[in-house]
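just the structure for this:
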Amino acid sequence: MVGTKHARGPVVVDNELGPRALRKAQRPQEILQAAFEEFVERGYTATRIEDVAARAGVTKGTIYLYFQNKEELFQDVVGKLSQPVFDENQFLEQHQHRSCNELVRLFLDTLYEHMTVNPHSREILRFLIADGRSFPTLVSTHFDQFVKPLLTMFDRILQKGVREGVFEIWAEDHISQILISPALTYAIDMLLSADNTKLPELPIYINTHYEMVMRTVRKASV
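Predicted coordinates:
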């Protein structure tokens, strides 16, 4: 008598990562965060790979599994921990029914929060100021990916105001960059100041910045 073969049931694949695999998947991000904290505390030059490893709770050799050297680690800290200020399309769609004046104010409020409150954005600005000369490609890439879209979005808000007859702006290059430069000035002052109590109060500073922009772009008849 020939034995009957029993068909096997479907093979079930567990797609969930186990604790060790999950830990391994998270490790590069943990190393980047540890490196960020070391660069903040010590500066780029004084930071050592072994300091990053100790803070991340891994061996020095583990760092080199993911990053070739300190230079690459620094570039990934800046590139991968940087965060865009806005999702341009989402912002404009979400606030499409607001007036142009309100859009300018929302833009400035969000920009200042990003530059003064968000620790990654604030400290990465410090890194680029202090060590950007040694990483010109990194600075250029950061500008293209994070700064240029910001300027383009502000320009779109201004052009919307022009189309609606609310704003008028002169045909000069870099108008958006000029008009939002006080935000960069405030962020740099924060980085340089040992005592932030000597800085202008942020809400008052933002109000002044907003009024400056409005006086510049608002039509005289509006």
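
which outside residues touch the biggest helix by length in the chain?
The residue-count maximum for a helix in the chain (DSSP state H) belongs to helix 19-42. When contacts are defined by C-beta atoms under 8 Å, 6 or more residues apart in numbering, helix 19-42 is touched by residues 17, 47, 51-53, 55-58, 62-63, 66-67, 73-74, 76-77, 80-81, 120, 123, 126-127. For the C-beta atoms, the positions are set from N, CA and C on the backbone; glycine is no exception.

alpha carbons of it, in CSV - could you do that?
Extracted as CSV, the C-alpha positions of helix 19-42 are listed here (Å, rounded to 0.1, in the frame of the first residue of the first chain):
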residue,chain,number,x,y,z
PRO,A,19,14.4,42.4,19.4
ARG,A,20,17.9,41.9,18.2
ALA,A,21,17.1,42.7,14.6
LEU,A,22,15.1,45.7,15.6
ARG,A,23,18.0,46.9,17.7
LYS,A,24,20.4,46.5,14.8
ALA,A,25,18.1,48.4,12.5
GLN,A,26,17.9,51.3,14.9
ARG,A,27,21.6,51.4,15.6
PRO,A,28,22.7,53.8,12.7
GLN,A,29,20.1,56.4,13.9
GLU,A,30,21.3,56.0,17.5
ILE,A,31,24.9,56.5,16.4
LEU,A,32,23.9,59.6,14.5
GLN,A,33,22.1,61.0,17.6
ALA,A,34,25.1,60.2,19.8
ALA,A,35,27.4,61.9,17.3
PHE,A,36,25.1,64.9,17.1
GLU,A,37,25.3,65.3,20.9
GLU,A,38,29.1,64.9,20.9
PHE,A,39,29.5,67.5,18.2
VAL,A,40,27.3,69.9,20.1
GLU,A,41,29.2,69.4,23.3
ARG,A,42,32.8,69.2,22.0
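
average pLDDT for it?
On average, the pLDDT along helix 19-42 is 83.

buried sites along the helix or strand bottoming out on mean pLDDT in the chain?
Ranked by mean pLDDT, DSSP states H and E, the weakest helix or strand in the chain is helix 88-94, scoring a mean of 76. By neighbour count on 16 or more other C-beta atoms under 10 Å, the buried set for helix 88-94 is F91, L92.

list the helices and strands it packs on?
Helix 88-94 sits against helix 148-163, with contacts defined as 3 or more C-beta pairs under 8 Å, 6 or more residues apart in numbering; DSSP states H and E.

which other helices and strands contact the next helix or strand after the helix it packs on?
On the C-terminal side of helix 148-163, the closest following helix or strand by DSSP states H and E is helix 175-192. With contacts taken as 3+ C-beta pairs under 8 Å, 6+ apart, helix 175-192 sits against helix 100-116, helix 119-131, helix 148-163, helix 202-217.

what about the most centrally placed residue in the chain, distance to H114?
What sits nearest the mean C-alpha location of the chain, by C-alpha atoms, centre = their mean, is Q83, with 2.6 Å. Q83 sits 8 Å away from H114, taking C-beta to C-beta, to the nearest Å as the criterion.

could you tell me which residues touch both of the two?
Contacts common to Q83 and H114, judged by C-beta under 8 Å, 6+ apart, are S121.
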